[in-house]
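[1] Dropping the sequence and predicted coords here.
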Amino acid sequence: AQLALQRVEHFKPGDLVWAKMASFPWWPAIIMSPEHAHVDARESGRPETLLVSFFGDNTWQWLPPVALLPFDCKQQAALRAPSKQRAGAAALRAAVAEAEAELEQRKKGGPARSA
């Protein structure tokens, strides 16, 4: 089923998001500041894209805003749904737990993950 997606055009470093790459499920990520990224990440960016670091494995990717949703969006329950691949479902659950721990840490005023 196609999700009716809530889009946000203006993300900033530190925002927690759901990010979508081709042939991968929606995945929790954080918007990164290119200045704090590894030189390989800084040099591979393209105009109109944002650097994200994925929870669970800390890989990164430059994505357009249309491939991002706020982490607390209305569609969050559907995005968390297990994928057809069992290994992928376990990894997604772990990544979501890591993103939720980040949110809790922020609510408590503790140190946030570097963006």
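    Sure, I can see it. None of these values were measured; they are calculated from a predicted model.
[2] going forward, measure contacts between C-alpha atoms and count neighbours the same way
    Noted.
[3] Look at the residue nearest the centre of the chain and tell me its secondary structure.
    The centroid of the chain falls nearest to Ala29 when counting by Cα atoms, centre = their mean (1.9 Å). Under DSSP: H, G, I helix; E, B strand; the rest coil, Ala29 falls in the strand class.
[4] Give the burial count for the closest residue to it other than its chain neighbours, as a bare number.
    Spatial nearest neighbour of Ala29, chain neighbours left out: Phe54 (4.1 Å); criterion: Cα to Cα, 6 or more residues apart in numbering. By other Cα atoms under 10 Å, the residues close to Phe54 number 21.
[5] do Lys20 as well
    Using other Cα under 10 Å: Lys20 sits among 18 other residues.
[6] and it, what pLDDT?
    Here, the pLDDT recorded for Lys20 equals 93.
[7] Going by neighbour count, list what's buried in the helix or strand of the chain with the lowest mean pLDDT.
    When the helices and strands of the chain are compared on mean pLDDT, DSSP states H and E, helix 39-43 comes out lowest with a mean of 76. Of the residues in helix 39-43, Ala41 count as buried by neighbour count, 16 or more other Cα atoms under 10 Å.
[8] cool, and stretch 42-56?
    Under 16+ other Cα under 10 Å, the buried positions of stretch 42-56 are 50-56.
[9] can I get those in TSV with secondary structure?
    Formatted as TSV, the buried residues of stretch 42-56 follow (three-state DSSP):
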residue	secondary structure
Leu50	strand
Leu51	strand
Val52	strand
Ser53	strand
Phe54	strand
Phe55	coil
Gly56	coil
